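Undergrad: this one's sequence-less:
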């Protein structure tokens, strides 16, 4: 249980998958209870061990989110209230930015207000997914729409 406390404190008691608060006092039998997620599948962990690469840190997740993810790669969903086109996969982008740096196109939006809201949310979300990476956003005009990008 000490490990759960450490991970929970480090992650600010927020689920890394759904980004909702996690109640540390809730039963681990409740879907909204706290659990520790290894963040990668067993197959990826085996590959990382074989390559002698570092596995990502364990993360805090709701029991329901962690169980729902199962043995497949996790997906962080984009909020439904955003108006956007061609959204990029958030976890893969976070991993690439951490590993390589550079710039990643994340989505296209129809209006400046939509693009700024998406950019702000992405920077906030990435700061919790990869706390060691200083991610910034950029909004550019692109073909009649606005392109939201992240860069390190």
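TA: Received the coordinates, thanks. Note that the structure is predicted; figures quoted are calculated from it, not measured.
Undergrad: who does the closest residue to residue 136 other than its chain neighbours form a beta bridge with?
TA: Closest residue in space to residue 136, ignoring its immediate chain neighbours: residue 151 at 5.7 Å, by CB to CB, 6 or more residues apart in numbering. In short, each C-beta sits where N, CA and C put it, glycine included. Listed beta-bridge partners, residue 151: residue 103, residue 136 (assigned using DSSP bridges).
Undergrad: tell me which residue is most central in the chain.
TA: Taking CA atoms, centre = their mean, the centroid of the chain lies closest to residue 129, which sits 4.3 Å from it.
Undergrad: that older thread, give me the distance between the residue nearest to residue 136 and residue 21.
TA: Per CB to CB, to the nearest Å, residue 151 is found 29 Å from residue 21.
Undergrad: which residues sit in contact with the residue nearest to the centre of the chain?
TA: 16, 76, 90, 91, 94 (CB atoms under 8 Å, 6 or more residues apart in numbering).
Undergrad: low-confidence ranges in this structure?
TA: 1-2, 39-57, 68-73 (pLDDT under 70).
Undergrad: now render the contacts of residue 129 as CSV, adding distance to residue 120, neighbour count and secondary structure.
TA: Formatted as CSV, those follow (distance: CB to CB, whole Å; neighbours: other CB atoms under 10 Å; DSSP: H, G, I helix; E, B strand; the rest coil):
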residue, distance to residue 120, neighbour count, secondary structure
16, 19, 23, coil
76, 16, 18, coil
90, 15, 19, helix
91, 19, 18, helix
94, 16, 22, helix
